[in-house]
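Participant: Could you look at this predicted model? Sequence included:
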Amino acid sequence: GEGGGEGGGEGVQVQRAHFERALDTVRPSVSAKDEARYKQLASRLRKRRAEGGSSERPGGGTPSAAPAGAAAEGGEPAAEGECI
């Protein structure tokens with residue numbers, strides 16, 4: 001209902017200015033190091049696709065194999081090539 005309680009927000013209009021103001025205060029959810037890594041991966045994938053390459057993983061790994069250092073179940077890092 002009225003007064004900002006548990007109502008459904010009737011009459012509220014979110015505008016571009018609200019998003020711009022929010023973007024001034026939020027932090028990235030990905031570290032700069034991870035962002036650079038993702039950009040590098042995206043670049044390699046684009047290049048491979050442009051060359052007509054296969055989608056196989058480098059080193060002959062399978063999609064179910066965990067990347068080196070990935071957390072396995074229970075939060076422990078998986079050994080290189082260990083399936084999780």
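Facilitator: That came through, no problem.
Participant: Every contact and neighbour count from this point should use C-alpha atoms.
Facilitator: Noted.
Participant: Where does pLDDT dip in the chain?
Facilitator: Along the chain, the parts satisfying pLDDT under 70 run over 1-8, 54-84.
Participant: hmm, try it at 90
Facilitator: Along the chain, the parts satisfying pLDDT under 90 run over 1-11, 27-28, 52-84.
Participant: Give me the longest helix you can find in it.
Facilitator: Counting by DSSP state H, the longest helix found in the chain is helix 32-50.
Participant: What is that helix packed up against?
Facilitator: Here helix 32-50 touches no other helix or strand, going by 3 or more Cα pairs under 8 Å, 6 or more residues apart in numbering; DSSP states H and E.
Participant: Buried residues of that helix, list them for me.
Facilitator: For helix 32-50, burial by neighbour count (16 or more other Cα atoms under 10 Å) applies to no residue.
Participant: Strands of this structure, start to end?
Facilitator: Counting by DSSP state E, one finds no strands in the chain.
Participant: neighbours around residue 10, how many?
Facilitator: Here the number of neighbours of residue 10 (other Cα atoms under 10 Å) works out to 9.
Participant: One more: the one 5 residues further on?
Facilitator: Counted with other Cα under 10 Å, the burial measure for residue 15 works out to 8 neighbours.
Participant: for the one 5 residues further on, same thing?
Facilitator: When neighbours are defined as other Cα under 10 Å, residue 20 has 10 of them.
Participant: now residue 11
Facilitator: Residue 11: 7 surrounding residues under other Cα under 10 Å.
Participant: With the one 5 residues further on instead?
Facilitator: Around residue 16 there are 9 other residues, counting by other Cα under 10 Å.
Participant: Could you do residue 30 as well?
Facilitator: By other Cα under 10 Å, the residues close to residue 30 number 10.
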